[in-house]
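*Asks:* Pasting the sequence and the predicted model now:
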Protein chains: 2
Amino acid sequence: MLVLITYDVNTQDAAGRKRLRQVAKQCVNYGQRVQNSVFECIVDAAQCKIVQHELEAIINKEKDSLRFYYLGNNYHTKVEHIGVKTSYDAEGVLIV
Amino acid sequence: MLVLITYDVNTQDAAGRKRLRQVAKQCVNYGQRVQNSVFECIVDAAQCKIVQHELEAIINKEKDSLRFYYLGNNYHTKVEHIGVKTSYDAEGVLIV
């Protein structure tokens, strides 16, 4: 199934910037970065639970947030993209 | 239906920062900001087309991107949130 993961990490301090890098790095193991803080992951239910637990362990729940959107298996018609398609590397740095 | 709008706007110059504010301001007319660049909009098909055209007219397609995820009407079980719930104002500034 397609699981969309979006996150907001508070990067006001160095610890936050580290969390942001760790979240992005972990998401890369499961899916494709489609925007700066948006990943699309093709996972089964078990893998989904694992990535949730991993990300939950990284973030500071008082400062950061994660959202998971479950788009099922028939997701091809449920997604539309407009504009530039950018490639990102695993460290969260934009590759131009 | 629930339509999720996510966006990446290149804010390297003043024009980009203006586009970012405009995109956020437009999205606020249609939905709820749930993360910095993520809006959830409850719209019908006609409204969805309108917001798409409006946002498409704001962004620079060579620098920015929009993604639309169509989550249908039975979306309550398709969304999960972990961590802080933050309120944002219409100008894209984080309200702490």
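*Replies:* Yes, it's here.
*Asks:* In contact with residue A:29, which residues are there?
*Replies:* Each residue near residue A:29 by Cβ atoms under 8 Å, 6 or more residues apart in numbering or on different chains is listed here: residue A:51. C-betas here are computed from N, CA, C, even on glycine.
*Asks:* Just give the closest residue to residue A:26, not the sequence neighbours.
*Replies:* Counting by Cβ to Cβ, 6 or more residues apart in numbering or on different chains, residue A:26 lies nearest to residue A:54, which is 5.3 Å off, once chain neighbours are set aside.
*Asks:* Correct me if wrong: that neighbour contacts residue A:27.
*Replies:* No: using Cβ atoms under 8 Å, residue A:54 makes no contact with residue A:27, being 9.3 Å away.
*Asks:* Between these two, point out the one with more neighbours.
*Replies:* Between residue A:54 and residue A:27, counted using other Cβ atoms under 10 Å in any protein chain shown, the more crowded position is residue A:27 (24 against 15).
*Asks:* What score does the closest residue to that one other than its chain neighbours have for pLDDT?
*Replies:* Leaving aside its chain neighbours, residue A:27 sits nearest to residue A:39 (4.2 Å; criterion: Cβ to Cβ, 6+ apart). With respect to pLDDT, residue A:39 scores 96.
*Asks:* Same question for residue A:85.
*Replies:* So residue A:85 comes in at 88 (pLDDT).
*Asks:* Next: residue A:50.
*Replies:* Reported pLDDT for residue A:50: 96.
*Asks:* So it: helix, strand or coil?
*Replies:* In three-state terms, and counting by DSSP: H, G, I helix; E, B strand; the rest coil, residue A:50 is helix.
*Asks:* give me the number of residues near it?
*Replies:* Residues near residue A:50, counting by other Cβ under 10 Å: 14.
*Asks:* And it, how close does it get to chain B?
*Replies:* Going from residue A:50 to chain B by Cβ to the nearest Cβ, to the nearest Å gives 14 Å.
*Asks:* Taking strand B:38-42 as reference, get the angle to the helix or strand containing the residue nearest to residue A:27.
*Replies:* Assigned by DSSP states H and E, residue A:39 belongs to strand A:38-42. Put simply, strand A:38-42 runs at 70 degrees to strand B:38-42, going by axes from the mean of the first three to the mean of the last three Cα atoms, to 10 degrees.
*Asks:* Could I get the contacting residues of residue A:71?
*Replies:* Residue A:71 neighbours (Cβ under 8 Å, 6+ apart): A:1-4, A:78-79, B:69, B:71, B:78.
*Asks:* Is it possible to mark the buried ones in these?
*Replies:* Buried by 16 or more other Cβ atoms under 10 Å in any protein chain shown: A:2-4, A:78-79, B:69, B:71, B:78, out of the contacts of residue A:71.
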